[in-house]
Structures are given as C-alpha cells and as structure tokens.
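Asks: Fold the following.
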Amino acid sequence: MRDHDKRADDRHPDDRRPHGPHPYDKYAYDKYAYAPFAVTVDLAVLTLRAGVLQVLLVERGQEPYAGRWALPGGFVLPDESAETAARRELAEETGLKDVSGLHLEQLRTYSEPGRDPRMRVVSVAFAALLPDAPEPMSGGDAVQARWQPYDDARPLAFDHDRILADAHDRVGAKLEYTCLATAFCPPEFTLGELQQVYETVWGTGLDRPNFRRKVLATPGFVEPVPGGARLTGGRGKPAALYRAGAATALHPPLLRPPREGRSA
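Replies: Numbers count the residues shown, from 1 in each chain. Predicted coordinates for the structure are as follows:
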C-alpha cells in the first residue's frame, strides 16, 4: 500500500466522504423509515387444582377489551429481557410473591398485524407451570385475577385463545419425552399424583401398574424419599413418596395412548 493511500485510510470516515462514497454506505438505513412497534409478553400459566387443569386469567381494566378475561402479560421495558418482563408482569398482575422458581419457557412469537388494535405489537409468549397454586391477587392494570378450568377459559381477549391452545399442546407433547410433569407436583409426591398430571393434561386415563412400571424403569425420572409415605385415602397402606430425579429427558419416552383410549 502506498503511503498516501494508508494515510487516507487512517482518516475519520466523515473526512473521506468528499472523495467518494464510503464502502459501508450500503449498510446505512434511516430508522425513521420504519414504523415503530411494541414488544409484549403473554403468559399461559397452568396448574392442577382439585384434579383439574386450570389456567391463570386476569380481567382487563383498560381498553382495549376492558372487562374481558385475558392471559397475564404486558409491555417489555427498554432495560429488560422478555423473560424478566414475563416474571415481573406475572408478579404485578397476580400478586404471586415468589415467581423465581416457577418453570417458565418461551413458547413462540406472535407477530400477526392487527392482533392489537392500539398499534403494531409483537408478543413473546411463555408457558409456565405452577404446583400448589395459591389464590392470585390482582394488581397492575388488572381488575381481578383467578384460576379458571382450562376447558372453560375461552373466549379470551386478543389472540390469547390461540396462545393458550399452543401452550397446552406444547406441555402435552413435552410430557412424553421430558421430566416436565414433576414441575406440576410438590417437592415430594406419590406416583398416583404424578399419574394424575399426565391424565389431566392429556385428558385420558392410564393403566396404573403400567404407568408405575414405566416411571420406575426410566433412569433419573424420580427418586424415592427415604422413609417417606403419605396416606392417600381408603384403607390401604400409605403410598411411597418420590421427588424429581436428576434427569431432564425420558429414555425411553412415555408416550400418550392413542385417541381410541388404549392405556399407556
């Protein structure tokens, strides 16, 4: 490289513009040429209460859809990630004191134009699982919050019917090949309680001896609690207690029965 060319390259980019276009000009863009849009989070929070799959809903206190039931959620602030916003909104809108240990996973992004009448809004949806769910207390811009049976939850505001259905499908599928079912259970649980999770989410009955055999034969799925037992009703002996094992995936998977109702 000749000396005068080297000196030219060392100059500030603005100093070189009179001598011709800068090679990076092709990457330049005008941010004002793009319409602004907002990013929100929506949460499909599922739990088992009284043997029924239930979802957390909030009554909207503001337009649009004031007075309608919706999934908890809100806008992502400039200084937070989507997951941080999801946990913040969950605590603010429901009054749940501790959401740090809540199983929370990103579901998908919903970006269809017109999904929010206020402006273009892109939502990052999360599925959350909660064991031993307390009664929620509304906060933020929600009038009230409540647990509602999954089958009775719709119709909801915005496109939340679709988000809720997608969350249910995701959870049902992940029960087959991960240890996600234990996230619905208390720290110590019986195999009967674990089976109830599968039956409730899948909406089908399972053969008890077969289910027990498969669970105990799956490495790392559950581990026994030494000396732990719990009376589960009836006159039988107390049921043994288990806790979640170290595994995260099921090998082999625990497949749901076909729709004809054949047991697992």
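Asks: what's the straight distance from one end of stretch 78-85 to the other?
Replies: Terminal residues of stretch 78-85 lie 10 Å apart, using C-alpha to C-alpha, to the nearest Å.
Asks: May I see the buried residues of it?
Replies: For stretch 78-85, a neighbour-count test (16 or more other C-beta atoms under 10 Å) marks 82, 85 as buried. In this view, the C-beta of every residue, glycine as well, is placed from N, C-alpha and C.
Asks: now do stretch 205-214
Replies: Those would be 206, 211, 214, for stretch 205-214 by 16+ other C-beta under 10 Å.
Asks: tell me the SS of residue 223?
Replies: strand (DSSP: H, G, I helix; E, B strand; the rest coil).
Asks: Nearest residue to it in space, please, no chain neighbours.
Replies: residue 245 (4.7 Å; C-beta to C-beta, 6 or more residues apart in numbering).
Asks: With residue 237 as the reference, measure out to that neighbour.
Replies: Between residue 245 and residue 237 the distance is 24 Å, computed by C-beta to C-beta, to the nearest Å.
Asks: Compare the two and say which is more crowded by neighbours.
Replies: It is residue 245, of residue 245 and residue 237, that has more neighbours when counted by other C-beta atoms under 10 Å, with 15 against 9.
Asks: Next up, the contacts around that one.
Replies: Residue 245 makes contact with 179, 219, 220, 221, 222, 223, according to C-beta atoms under 8 Å, 6 or more residues apart in numbering.
Asks: How many residues are close by the first one?
Replies: Translated: residue 179. 20.
Asks: most neighbours, which of the contacts of residue 245?
Replies: Highest neighbour count within the contacts of residue 245, by other C-beta under 10 Å: residue 221, with 24 neighbours.
Asks: Isn't it up against residue 180?
Replies: No: at 11.0 Å, residue 221 and residue 180 do not qualify as touching, with contact defined as C-beta atoms under 8 Å.
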